[in-house]
Each structure stands twice: as C-alpha cells, then as structure tokens.
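Engineer: no FASTA, just this:
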C-alpha cells in the first residue's frame with residue numbers, strides 16, 4: 001500500500017495515482033487510505049505510475065508534491 005506520510009491536522013488533502021497515459025487509477029481524500037496496486041480489482045503489471053498529493057495543514061500554506069513510483073511484483 002502506498003500513501004503519503006502526513007502529520008498534523010489537515011485542512012485539505014487529495015492523493016492521486018495516474019498511469020503512463022495520464023488516466024487516474026486511484027484517488028482519495030482520506031489520508032488513511034492508500035493504493036494497493038490494483039485497478040478495478042485487477043493487479044497491475046510492473047510499470048511506472050505518477051503520483052501527486054495536494055495538502056494543506058492547519059496554519060500552513062497549501063502544498064503540492066509529486067513524483068513517480070515503480071510497481072514491482
């Protein structure tokens with residue numbers, strides 16, 4: 001399961017995983033949920049996915065972080 005490690009009280013949160021074609025394969029507004037490498041219940045092949053996380057902690061400015069993750073089986 002992949003999910004960002006966040007601390008503090010969140011005012012806003014959104015975590016997305018996209019495939020190589022830019023299609024969203026996972027999204028959540030719940031910081032306790034993460035992606036298990038499946039799309040519609042089907043295990044995905046080994047490949048690289050993009051991720052982005054938009055968050056704002058109480059009393060701090062909003063942040064956007066992004067990167068890639070390679071799924072390995």
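Structural biologist: Perfect, I can see it now. Remember, predicted model here, so these are calculated numbers, not experimental data.

Engineer: pLDDT of the longest strand along the chain, averaged?
Structural biologist: Using DSSP state E, we find that the single longest strand of the chain is strand 47-57. Strand 47-57 carries an average pLDDT of 97.

Engineer: Off-centre distance for the helix or strand harbouring residue 16?
Structural biologist: In the assignment (DSSP states H and E), residue 16 maps to strand 10-18. Strand 10-18 has its C-alpha centroid displaced from the chain centroid by 7 Å (CA atoms, centre = their mean, to the nearest Å).

Engineer: buried residues in it?
Structural biologist: Using 16 or more other CB atoms under 10 Å as the test for burial, strand 10-18 gives 13, 15, 16, 17, 18. Placement of C-beta: from N, CA and C, glycine included.

Engineer: Heading C-terminal from it, find the next helix or strand.
Structural biologist: Downstream of strand 10-18 (by DSSP H and E), the next one is strand 24-28.

Engineer: Would you mind measuring from the residue nearest to residue 19 when sequence neighbours are not counted to residue 9?
Structural biologist: Spatial nearest neighbour of residue 19, chain neighbours left out: residue 25 (5.4 Å); criterion: CB to CB, 6 or more residues apart in numbering. Using CB to CB, to the nearest Å, residue 25 is found at 29 Å from residue 9.
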